[in-house]
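Sequence unavailable; structure follows:
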């Protein structure tokens, strides 16, 4: 079983990202589970969401404390909330940022692989959200597919077509572009 | 057909597959999406049912009682304060022997105002005469909803069923659910055709004054129906397994055969406990898990036969009966009357507090160390 924890801010689409990733893995025949940290939604407030992917039935029903993969939709969360708590040794961290992976210091976590991609610019280029609040959830999933190999980019695109109600093509294109641009 | 569904959608699609004739429900977090999707399903013609908009949960169940009395198969869903508001009619449903199926999303009662998981709402309805089931995952929610109609409507039972799922941990969590083709559901669950109903061509009186000469026997027969259910529920489970390949019991035991430390629980905590059992087994601790699905009728004999050979037994409750202990702990102890196995009661996860694998492992640590007469609160901030 692979456990993925998403960190974003209200309005960026972290919860939807966890659902779309789960659906993509389901399309590839996996057992999946996705759910948000159950709080009260507020735009801009830190949001956490979870996805589990497994070949076998998933029985566990608690939050993810020791993720294999961290997906950070908003780099301003780094240092503001304890993002890397429990990250498995050799875990993967995927960040929406203009910066390069080597610019991040995750000392305190054991040998993480850091990947970056500028999802905010990709989202804006495809007309997703506004300059003040780009919706980066679909773009970051291309990066997740590339960095983890958990699901294919075609499955992400298919899942977007199923789960995202508007601008489906644009969202799928954003995912494909971040898949191509990922650094790490 | 397999789909990825939330627990709430699994419940709604279960009711849809059961081809209910009437839906009457009032929205309440975290049940709301059940009502939303069912209103869509009825509006778009996928389900040929009457969707009755009501002004409260009390009216929702009242509408179901009326419709069910007239021979309709009905469905409603609620949670927490909504279930509490229904209370008077929850008694009425069972005593009128109406096989209504209701989904309850287990949510804490306020204040402090909480929308999160806690079983106090449904356990508070313990003595109403309803059967009660607790689900661990979304497949179980869908399957249990279908089976609940078949069990409730059995001529030797005729009692309503409350199907419980944990707020958010199931209601808003997406999982793979294998939905059954409609023609196969129809073969498993025929059209509801009660022997007695409100019928203007064949007038009868229901719910009239009952003297002490008869009320006592009414209650006796309800209890006998619960006893019959203990026989019929496994038969329906067996038929479901034969038709659709998924096995259920009134309880489900996991690695119990040679277990020294057995944890008894229900709902989503049961699934997490099974993973915790695997982790403890890897460390050389002989742990096991017993999931209780049916709280009413309570499968005492089954519980006793599984637990009696353990060295120690812990019962995890996501509720507290104030002034005493967790309700499942009380029932488990009663089922174990005469046995010598020490039993521990754990209170965990109230008001949606997360219960992790580490929390469950800590329970077995405490069972190895502490006095079994203690009621143990897990993770409480003193």
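Noted; the coordinates are in hand. Fair warning: this is a prediction, and the values are worked out from it, not measured in the lab. Residues are numbered from 1 along each chain as shown, chains lettered A, B, ... in the order given.

tally of neighbours for residue 158?
Just going to use chain A. Residue A:158 has 18 neighbours, counted by other Cβ atoms under 10 Å in any protein chain shown. The way it works is simple: take the backbone N, C-alpha and C, and place the C-beta from them, glycine included.

Let me rephrase: I mean chain B.
The burial count assigned to residue B:158 is 21, neighbours taken as other Cβ under 10 Å.

Likewise for residue A:71?
Using other Cβ under 10 Å, residue A:71 has 29 other residues around it.

Angles on the backbone of it, please.
Phi and psi for residue A:71, reported as degrees, to the nearest 10, are phi -120, psi 120.

which residue ranges form the helices in the chain?
As the question left the chain open, I've gone with chain A. Along chain A, counting by DSSP state H, helices occupy A:14-27, A:119-125, A:137-148, A:153-163, A:168-181.

wrong one, I was asking about chain B
Counting by DSSP H, one finds helices in chain B at the ranges B:7-17, B:32-43, B:57-69, B:80-85, B:87-95, B:120-123, B:138-153, B:182-188, B:212-244, B:268-282, B:300-307, B:327-335, B:357-369.

Residue numbers of the stretch 251-382 of chain B in contact with chain A?
Counting by Cβ under 8 Å from any Cβ of the partner chain, the residues of the stretch 251-382 of chain B close to chain A are B:268-269, B:271-272, B:274-275, B:352, B:354-358.

now the residues you listed as JSON lines including pLDDT?
Listed next are those as JSON lines, based on pLDDT from 0 to 100:
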{"residue": "B:268", "pLDDT": "98"}
{"residue": "B:269", "pLDDT": "98"}
{"residue": "B:271", "pLDDT": "98"}
{"residue": "B:272", "pLDDT": "98"}
{"residue": "B:274", "pLDDT": "98"}
{"residue": "B:275", "pLDDT": "98"}
{"residue": "B:352", "pLDDT": "97"}
{"residue": "B:354", "pLDDT": "97"}
{"residue": "B:355", "pLDDT": "98"}
{"residue": "B:356", "pLDDT": "98"}
{"residue": "B:357", "pLDDT": "98"}
{"residue": "B:358", "pLDDT": "98"}
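
which among these end up buried?
When neighbours are counted using 16 or more other Cβ atoms under 10 Å in any protein chain shown, these contain these buried positions: B:268-269, B:271-272, B:274-275, B:352, B:354-357.

picking up where we left off before, from the helices of chain B, which stretch is densest packed?
Each of the helices of chain B was scored by mean neighbour count; the highest is helix B:7-17, a mean of 28, by mean count of other Cβ atoms under 10 Å in any protein chain shown.

now that one: mean pLDDT?
For helix B:7-17, mean pLDDT is 98.

picking that back up, biggest separation within the buried ones among the residues of the stretch 251-382 of chain B next to chain A, which pair?
Maximum pairwise distance among these (Cβ to Cβ): 20.7 Å, between B:274 and B:352.

measure the residue sitting nearest the centre point of chain B to chain A for me?
Centroid-nearest residue in chain B: residue B:133, 2.2 Å away (criterion: Cα atoms, centre = their mean). Distance of residue B:133 to chain A, computed by Cβ to the nearest Cβ, to the nearest Å: 17 Å.

can you pull the contacts of that residue?
Each residue near residue B:133 by Cβ atoms under 8 Å, 6 or more residues apart in numbering or on different chains is listed here: B:144, B:148, B:161-164, B:293-295.

Buried ones among those residues?
The neighbour count (16+ other Cβ under 10 Å) marks B:144, B:148, B:161-164, B:293-295 as buried among the contacts of residue B:133.

As CSV, those with pLDDT and distance to residue A:98 would be great.
Output for the buried ones among the contacts of residue B:133, formatted as CSV (pLDDT from 0 to 100; distance: Cβ to Cβ, whole Å):
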residue, pLDDT, distance to residue A:98
B:144, 99, 50
B:148, 99, 54
B:161, 99, 56
B:162, 99, 53
B:163, 99, 50
B:164, 99, 48
B:293, 98, 52
B:294, 98, 57
B:295, 98, 55
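
Show me those residues that map onto strands.
Using DSSP state E, B:161-164, B:294-295 are the members of these that sit in strands.

of all those, which comes closest to chain A?
The closest of these to chain A turns out to be residue B:164 (Cβ to the nearest Cβ; 14.1 Å).

residues contacting the closest one?
Under the criterion of Cβ under 8 Å, 6+ apart, the neighbours of residue B:164 are B:103-106, B:119, B:122, B:132-135, B:267.
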